[in-house]
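Engineer: the following comprises the amino acid sequence and a computationally predicted model.
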Amino acid sequence: MLRMDTWEQAPHEGTRVATSPAHFFRHAGQSAASLARLIREHCVDYRCTDHVTVWAREVRGFGPGLVTEDAYEVLGWTSAAILRTSLSRRLDALNPVAAFRLLDQPEIGNLELSRSDYVVLRSRYGFGNQWPAELSGAISGLDLDLWITAAPTELDGAVALDFETYLRRFAGTEIAE
């Protein structure tokens, strides 16, 4: 359960990310399960219905000087079962060499035994592997469909990160309703 003393009102005019008043939930003192529950509460069919942003560093006030390069858009969440289904379909479509290369990636190899849920983020870096440290080990939307019925451009630049890693690597989640 989220502790009430970990959120604060964030005025919308200075963030340049959210378009309405928001709540900022600090990750310190939370569990991965509480953050997963928070994200799920703002999703329908695995996709966020509210504007949800995650910050790599602690937000120190909101104003014109706010560094938005540390912000990532939260698109929703997914499960290991969905990712395994997507992996199976992807492997069927690949030639054997490409399939083995995909399976050699540690984050893909770990899916077989995983029962974790994942947060789906849009990287500000877009395509490729030039991701910052907080996204290392993430599953790329280029490798797998992160949702069962994803539109072609819905997951451009998206990655899936398990909630334990999400808790450790990010400072807080901002939700604008």
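Structural biologist: Great, that's in hand. Numbers count the residues shown, from 1 in each chain.
Engineer: helix or strand right after the helix or strand bottoming out on mean pLDDT in the chain?
Structural biologist: Lowest mean confidence among the helices and strands of the chain (mean pLDDT, DSSP states H and E): strand 7-10, at a mean of 40. Toward the C-terminal end, the helix or strand that comes next after strand 7-10 (DSSP states H and E) is strand 22-26.
Engineer: which of the residues in stretch 91-103 are buried?
Structural biologist: 91, 102 (16 or more other CB atoms under 10 Å). C-beta coordinates here come from the backbone N, C-alpha and C atoms, glycine included.
Engineer: make 494 the starting number, not 1.
Structural biologist: In the new count, where the first residue is 494, that last one comes out as stretch 584-596.
Engineer: what lies in contact with it?
Structural biologist: 580, 583, 601-602, 636 (CB atoms under 8 Å, 6 or more residues apart in numbering).
Engineer: repeat that for stretch 569-582.
Structural biologist: Residues from elsewhere that reach stretch 569-582, judged by CB under 8 Å, 6+ apart: 529, 532-533, 536, 539-541, 595, 601, 604-605, 607-613, 632, 637-641, 653.
Engineer: same check on stretch 528-537?
Structural biologist: If you take CB under 8 Å, 6+ apart as the criterion, stretch 528-537 is touched by 495, 518, 520, 541-543, 545, 567, 569-570, 610, 612, 656, 659-660, 666, 668, 670.
Engineer: now which of those would you call buried?
Structural biologist: Going by neighbour count (16+ other CB under 10 Å), the contacts of stretch 528-537 have 495, 518, 520, 541, 545, 567, 569-570, 610, 612, 656, 659-660, 666, 668 buried.
Engineer: take those and keep only those in helices.
Structural biologist: In this view, the buried ones among the contacts of stretch 528-537 that belong to helices under DSSP state H are 656, 659-660.
Engineer: pick out the most distant pair among the contacts of stretch 584-596.
Structural biologist: Arg583 and Gly602 (14.0 Å; CB to CB).
Engineer: okay, these two: which has more neighbours?
Structural biologist: Arg583 (16 against 12; other CB atoms under 10 Å).
Engineer: which non-adjacent residue is nearest the more buried one?
Structural biologist: Spatial nearest neighbour of Arg583, chain neighbours left out: Leu637 (5.8 Å); criterion: CB to CB, 6 or more residues apart in numbering.
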